[in-house]
Each structure stands twice: as structure tokens, then as C-alpha cells.
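Chemist: my questions concern the predicted model and sequence given below.
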Amino acid sequence: MLGVLLVTAFTVACAEEVTSTADTAELLWSYEEAYIEAHLNADHKKILAFRDDSFLGWPSRLDNATGKNGGDEYLQKFFSRPQPGEVRIERQGIRIIGDVAILQYRIHSGSIVSRITHTWLRRDSRWLLLGGMDSPEPEREN
């Protein structure tokens, strides 16, 4: 009987953890969508609000990686005004380990496709973007 109770308790605990992880995953995907939308709307304040103070990113348009403050110069140069158009996120994967999450996806914008990797960090109860990198989708031979 005790064995059945322990197995049941373990099963319930695992189910709650999976639900919690699934909820966190959907929350992070919604943050990614809002982050991309903020870029399209040239909302620099909102973009920077998603980023942790220790943020390090390497957009493919830059020669070198940049921190949170250097990212503002990047935004002024490449996202100075709203960019109308349809953008689609193609989810590729997510890993959540404790207070760290890595999301990988493709962004489809017209004929342009980019690969994105973002690392999120939970500080207290808030998820912030710690790092990221993008690259153009390579052409494939048929």
C-alpha cells in the first residue's frame, strides 16, 4: 500500500512539474512573439525592457557582439521606424533548466528566413533575455 502511495505521489509531482514547464514554455514563447513585435513596431523602450542588464547579443548585422546599451545603437540603425509586414515564428526547440531557458526558432519575413537562439534568465519571478544570436538560413542544395 505504501508503495502505491509513493508511486502515486511521484506521478502527481511529475505531472505538476510537466504542467509547470509547459506553462513556462508558453509564457516564454509569448515573450518571444512580443519581443519580435516590438522590433517590428520600433518600440526600443519595450525591446530593452525585455533584456537583462547583463545581456549579450550578436545580431548577424553586426561585426561583433554587443551588450544591452550597445544594442540601442543597433536598434536606432536597423529598427528606426516601424516595419510593416507579416512575420511568422517557426518554433524549433526549447529547454528549461531551473532559472535558464534556451529557445531556438526561425523567423519568416517575406522571403527572408533567419535562425534565432535566445537565452532567458529568471530573476526572482521575472524572465529576462540574457543573450541571443541570429543567422540567415543557409541555402540548401536540392
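Modeler: Received it, and whenever you're ready, just let me know what you need.

Chemist: who's in contact with the residue nearest to Leu40 when sequence neighbours are not counted?
Modeler: Closest residue to Leu40 apart from its sequence neighbours, by Cβ to Cβ, 6 or more residues apart in numbering: Gln83 at 5.2 Å. For every residue, glycine as well, the C-beta is placed using N, CA and C. Listed by Cβ atoms under 8 Å, 6 or more residues apart in numbering, the contact partners of Gln83 are His39, Leu40, Ala42.

Chemist: so the last one, which of the three states?
Modeler: At Ala42 the chain is in coil, as set by DSSP: H, G, I helix; E, B strand; the rest coil.

Chemist: how near is it to Ala49?
Modeler: Ala42 sits 14 Å away from Ala49, taking Cβ to Cβ, to the nearest Å as the criterion.

Chemist: between those two, which one's more packed in?
Modeler: Neighbour count, other Cβ atoms under 10 Å: between Ala42 and Ala49, Ala42 has more, with 16 against 12.

Chemist: could I get the pLDDT score of that one?
Modeler: As predicted, Ala42 sits at a pLDDT of 90.

Chemist: which ones are touching it?
Modeler: Applying Cβ under 8 Å, 6+ apart to Ala42 gives the contacts Leu75, Phe79, Ser80, Arg81, Pro82, Gln83.

Chemist: need the distance between the two termini of stretch 36-55.
Modeler: 17 Å (Cα to Cα, to the nearest Å).
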